[in-house]
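Engineer: sequence plus the predicted model coming up.
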Amino acid sequence: MSLAQHLPALQVVVPLIAAPLTVLLRRRSLAFAIVLAASWTALAIAVLLWLQVGERGTISYAIGSWPAPWGIEYRVDRLSAFVLVLVAGIAAVVLPYSRASIEAEVPPQQQYLFYTMFVLCLTGLLGITITGDAFNIFVFLEIASLSTYVLIALGRDRRALVAAYQYLIMGTIGATFIVIGIGLLYLMTGTLNLADMGRRIGVVQTTRPVLAALAFLTVGISLKLALFPLHQWLPNAYAYAPSAVSAFLAATATKVAVYVLLRFYFSVFGQSQVFEKLPMPEAMLLLALAGMFAASTIAIFQTDLKRLFAYSSVGQIGYIILGLSFGSTDGLIATIVHLFNHGVTKGAIFMLLGGVALVMGGTSLSRVQGLGKRMPLTSFGIVICGLSLIGVPGTAGFITKWYLLLAALQKGQWWLVFLIVLSSLLAAAYVWRFVEAAYFREVRKDIGETVLPWSMAVPAGLLVAATVYFGLDTTFTVGSARQAVALLMGGLR
Amino acid sequence: MAVPEQAILAALVVPVVGAMLIALAGRLPNLRETITLLTAVLLLACVLRLLSGVMGGAQPALALFSVLPGLQIAFKVETLGMLFALIASGLWILNSLYSIGYMRGNQEAHQTRFYVCFALALAATMGIAFAANLFTLFVFYELLTLITYPLVTHHGTEQARAGGRVYLGLLMGTSIVFLLPALVFIWLVAGTTDFTPGGILAGKLGAAGLAGLLALCMFGIGKAALMPFHRWLPAAMVAPTPVSALLHAVAVVKAGVFSVVKVIVYVFGVDNLASAGSGSAAGWLIAVAGFTIVAASVVALGADNLKRRLAYSTISQLSYVVMAAAVLAPLSLIGAAMHIAAHAVGKITLFFAAGAIYTAAHKTEVSQLDGIGRRMPWTMGAFTIAALSMIGLPPAVGFISKWYMLSGAMEARQWWVVTVIAVSTLLNAGYFLPIVYRAFFVAPSDGIPGDPHHHPHGEAPLPMVIALTATAAITVLLFFMPDVPLALARGMLAP
């Protein structure tokens, strides 16, 4: 058997093995090298899988050769391959960046732990995406969550501990809800394989336990993806975690949760009539709108840039869920494309903010005064990403807005059209808070002479470039999303 | 790639490359300004290279890449775009000359940033002028807003920041809230956003739909400064005067009315709008534009600050173009296109004069201008010619455009439009002639010694005087030789 056949397993196994190795070796430079190699290998595998899926369609891989539905199935289709590329790609960019950033923020004796937890978190996120088994999703979710709690707690600020604890409580509630939902589904269908579940749910589709399962799963996953008003954990987590962690989490963690939601909604419940019993699209629409407006408004009044952009994330997740609530092809394209585009944009912003924190000694609006003069390129990068959050043409964010508007217009819902565009004005308001601080104020006297290391500037710059690139060339993003949507709309066949 | 296609690409690339070189030459002011001038000349050469072909009926096109399937960044040069590009690139040369005098004369800071943004703004303007579809136009329209923001807030003061907020808030707000949904809707309904003679919406929408969509487009193009979304223009006057002159009398505002005409002619289609009944689709537009013309003139009448008066005059004059386009008669459309050119050369002269007065005499209010024509005869001479053009009197080109607009309105039996033009002509005279009268016929008041407003001065620095004399000369020249702009304006209506 050739190695190529085992790529789905390797996708998870490679980072998983790297984790204990870093603990055994302890030396932080060795740990860094191992994790870097593992994450770059993971990216290569993800790209190879994406290519394979593009050529041959869905790949089904039986772990230990136990066929589904008895064994655990890894299933790579066009949607999961796309998300794998995002997660592995962001990890591969954030890691080289993390070296200098962690050096400055985490005590030396704990640094190897960062790499261990980082690669475990990567394993968990990749595992959630690749597996075709409901319980396996829960297991990987716990791996990703537990490592995330540690990563957040590594933050230099003492408030990081509280933030981690907050997330621990909320995340555990979410995970519990998810496992209850999965348990109920297992009870009613007798299977844990997602595809199998989707086929069998037809018989029991309107029974109370299935409806309860849908409710539990929705609430549980919404907690993980920080859907308004279940977002309370997110701003503190992003603000006080080490910069590299904020960048990685902002770009991937919530996005993978969205992926899980899509999986359950379309691959499991898709063929059933549960959505006629429970008004899920309407509920999602309302929560999405509430998030878009409330979170973006809160963002305007933040005084710290990390918190500002964290609230912006909650607002942007509103767009992602809004697309989902349409249930139409273009709406789902918006969801999947924004999952990627927002991941890239926010990843870039938090990486740049990490650099700002290092040089200016913080990211509060009063500290970044005169950033346009002190760090012209970083400052410009944040502006470009900010334009993407607003949805200005030429940036990745515009593509999403286009499809959201298209989806709303196809339904003839003009009021929704105007709500979408009005919410981008709120984004303009909070981005301009940064612009005015960075370009219309003088640099503070107490700012040191620290220089931004290249190892941080180049990866961040790469993501900024990607933000513009994916606004101009959409063959990869929209192309992949369109195929993924075709798959989702047809159920798991 | 054939020669005209290369020229299109060059017109977009030359200012960008120029901007880079300007940034590199930041430490050497003389080299930097030389590069600016060279870039401007080169840009005009590119545009002129296209002119003869376009006059001959050719429409060179260039498609760059697709952002989404069927949604291309593409360019096609037709006569109206040619006219706009010609005005903007031609006046950029004179404006650069003027800028050198102004920026040095007033010892402005951040001059490199100023010239870089200026060059980039011109690149965006060329993109708007040559856009082959509404999507491309929208992209460059937004770019132009963003690039001009640092120019508007150039001084970095609290006032500049407040002006910048209004500027960006209104221009981006209207384009995102109104124009973007309109664009997506047009794409959904017509399956394309290509500018096509006769429009792309014929038979696709009912009268109410057309009227609604037209409203979204017209208010969405905030740069045309239709009331009530006009406040950004006076707010932008905090910028240095060369910015007000080229951008807020020519490039940015003309990009607005240019887009208006383009959308009416090539997206909605004149016949399509006319058959929908002018009462429903375009009628309200005439009313809004007519109101803007009169109301802005009344405000201008009461404004003592010279630049503010000019800004409100611009708002009023821009609505001439919108109103003339909304009349939907061939002659009035020619008038609309001609007025883009006529107002451009006239208003840039007025701003040049205002900047020259500020540089030489440090005066900003109309009430301070008593007798200034005796000290600055060239400046005030040019000002007078341009004011005549604004009022629509011969021998200035403003007469020609007004003539066509009036003929078109009469042909279409739109007596309200004729009335509005007549009333506003009186108002124009009412706020321009007193300035001329003050400058030449009122004796300078005896200044208190030591008052900074009354120090001895002559004309502004030579580059500024050359520039404003040249634009005034063009204003007169175009009256006697309006052939090229008229031919380009007519070309828009040819099938």
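Structural biologist: It's in.

Engineer: helix, strand, or coil at the residue of the stretch 101-250 of chain A found nearest chain B?
Structural biologist: For the stretch 101-250 of chain A, the residue closest to chain B is residue A:228, as judged by CB to the nearest CB, at 22.1 Å. The C-beta positions use only the backbone N, C-alpha and C, and glycine is treated the same way. Per DSSP: H, G, I helix; E, B strand; the rest coil, the local secondary structure of residue A:228 is coil.

Engineer: how about the backbone phi and psi for it?
Structural biologist: Dihedral angles phi and psi of residue A:228 (degrees, to the nearest 10) take the values phi -50, psi 130.

Engineer: hang on, isn't residue A:254 packed against residue A:313?
Structural biologist: Yes. Taking contacts as CB atoms under 8 Å, residue A:254 lies within contact range of residue A:313: 7.0 Å.

Engineer: residues shared between the contacts of those two?
Structural biologist: With contacts taken as CB atoms under 8 Å, 6 or more residues apart in numbering or on different chains, residue A:254 and residue A:313 have A:226, A:234 as neighbours in common.

Engineer: what's the first helix or strand after the helix or strand bottoming out on mean pLDDT in chain A?
Structural biologist: Evaluated with mean pLDDT, DSSP states H and E, the helix-and-strand set of chain A has its lowest mean pLDDT in helix A:274-277, which scores a mean of 69. Past helix A:274-277, heading to the C-terminal end, the next element that is a helix or strand (DSSP states H and E) is helix A:280-290.

Engineer: please state the offset of that following helix from the chain centre?
Structural biologist: Averaging C-alpha coordinates over helix A:280-290 and over its chain gives two centres that are 20 Å apart (CA atoms, centre = their mean, to the nearest Å).

Engineer: all helices of the stretch 351-493 of chain A, in order?
Structural biologist: Defined through DSSP state H, counting those that start in this stretch, the helices belonging to the stretch 351-493 of chain A, from first to last, are A:371-374, A:376-390, A:396-410, A:414-439, A:454-472, A:475-489.

Engineer: now residue A:373: how far from residue A:439?
Structural biologist: When CB to CB, to the nearest Å is the yardstick, residue A:373 and residue A:439 sit 8 Å from each other.

Engineer: same question for residue B:35.
Structural biologist: Residue B:35 is 25 Å from residue A:439, by CB to CB.

Engineer: next one: residue A:90
Structural biologist: 29 Å.

Engineer: picking up where we left off before, which one's more surrounded, residue A:373 and residue A:439?
Structural biologist: For residue A:373 versus residue A:439, neighbours defined as other CB atoms under 10 Å in any protein chain shown are more numerous around residue A:439 (21 against 13).

Engineer: before we move on, back to that, just name the most buried of the helices of the stretch 351-493 of chain A.
Structural biologist: Ranked by mean neighbour count under mean count of other CB atoms under 10 Å in any protein chain shown, the helices of the stretch 351-493 of chain A are led by helix A:396-410, which reaches a mean of 26.

Engineer: and it, what other elements does it pack with?
Structural biologist: helix A:305-326, helix A:329-360, helix A:376-390, helix A:414-439, helix A:454-472, helix A:475-489, strand B:61-68, helix B:180-190 (3 or more CB pairs under 8 Å, 6 or more residues apart in numbering or on different chains; DSSP states H and E).

Engineer: can you name every helix or strand that the fifth one contacts?
Structural biologist: Contact partners of helix A:454-472 among helices and strands, from 3+ CB pairs under 8 Å, 6+ apart: helix A:78-105, helix A:329-360, helix A:376-390, helix A:396-410, strand B:61-68.

Engineer: what strands line up against the last one, and which way round?
Structural biologist: Translated: strand B:61-68. According to DSSP bridges, strand B:61-68 has the following sheet partners: strand B:71-76 (antiparallel).

Engineer: could you give the angle of the partner strand to helix A:396-410?
Structural biologist: Interaxial angle of strand B:71-76 relative to helix A:396-410 (axes from the mean of the first three to the mean of the last three CA atoms, to 10 degrees): 100 degrees.

Engineer: give me the residues contacting strand B:71-76.
Structural biologist: The contact list for strand B:71-76 (CB under 8 Å, 6+ apart) reads A:472, B:8, B:12, B:59-67, B:127, B:130-133, B:135-136, B:139, B:187, B:193, B:195.

Engineer: what's the neighbour count on residue B:250?
Structural biologist: Considering only other CB under 10 Å, residue B:250 is surrounded by 27 other residues.

Engineer: ugh, wrong one, I meant residue A:215
Structural biologist: Residue A:215 has 17 neighbouring residues, counting by other CB under 10 Å.

Engineer: which residue is the nearest non-sequential neighbour of it?
Structural biologist: With CB to CB, 6 or more residues apart in numbering or on different chains as the criterion, residue A:215 has its nearest non-adjacent residue at 7.2 Å, and that residue is residue A:278.

Engineer: list the contacts of the one you found.
Structural biologist: Residue A:278 makes contact with A:211, A:214-215, according to CB under 8 Å, 6+ apart.

Engineer: go through those and say which is closest to residue B:44.
Structural biologist: For those, the residue nearest residue B:44 by CB to CB is residue A:214; the value is 65.8 Å.

Engineer: model confidence for that closest one, exactly?
Structural biologist: pLDDT, the model's per-residue confidence, is 88 for residue A:214.

Engineer: name all residues that make contact with it.
Structural biologist: For residue A:214, the set of contacting residues under the criterion of CB under 8 Å, 6+ apart consists of A:181, A:269, A:274, A:278, A:280.

Engineer: the closest residue to residue A:396 other than its chain neighbours: how many residues sit nearby?
Structural biologist: Computed as CB to CB, 6+ apart, the closest residue to residue A:396 that is not its neighbour in sequence is residue A:341, at 3.7 Å. Per other CB under 10 Å, the neighbour tally for residue A:341 reads 30.

Engineer: make sure residue A:61 is indeed in a strand.
Structural biologist: Yes. Residue A:61: assigned to a strand according to three-state DSSP.

Engineer: which strand or helix spans residue 36?
Structural biologist: Assuming you mean chain A. Element membership of residue A:36 [criterion: DSSP H and E] is helix A:28-56.

Engineer: the intended chain is chain B.
Structural biologist: Element membership of residue B:36, judged by DSSP H and E, is helix B:29-55.

Engineer: packing partners for that helix?
Structural biologist: Using 3+ CB pairs under 8 Å, 6+ apart as the contact criterion, the neighbours of helix B:29-55 among helices and strands are helix B:3-24, helix B:79-105, helix B:111-130, helix B:483-491.

Engineer: adding mean neighbour count and distance to chain A, write those out as a markdown table.
Structural biologist: Rendered in a markdown table, the data for the helices and strands packed on helix B:29-55 read as follows (neighbours: other CB atoms under 10 Å in any protein chain shown; distance: least, CB to the nearest CB, whole Å):
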| stretch | mean neighbour count | distance to chain A |
| --- | --- | --- |
| helix B:3-24 | 19 | 11 |
| helix B:79-105 | 25 | 19 |
| helix B:111-130 | 25 | 10 |
| helix B:483-491 | 19 | 28 |
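
Engineer: I'd like those written out as a markdown table, with mean pLDDT added.
Structural biologist: As requested, those are arranged in a markdown table below (pLDDT from 0 to 100):
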| stretch | mean pLDDT |
| --- | --- |
| helix B:3-24 | 88 |
| helix B:79-105 | 87 |
| helix B:111-130 | 90 |
| helix B:483-491 | 84 |
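
Engineer: save those as JSON lines, and put in distance to residue A:11 too.
Structural biologist: Rendered in JSON lines, the data for the helices and strands packed on helix B:29-55 read as follows (distance: least, CB to CB, whole Å):
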{"stretch": "helix B:3-24", "distance to residue A:11": "42"}
{"stretch": "helix B:79-105", "distance to residue A:11": "52"}
{"stretch": "helix B:111-130", "distance to residue A:11": "44"}
{"stretch": "helix B:483-491", "distance to residue A:11": "60"}
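
Engineer: what's the closest of the ones you listed to residue A:186?
Structural biologist: Counting by CB to CB, residue A:186 lies closest to helix B:111-130 out of those; the figure is 58.0 Å.
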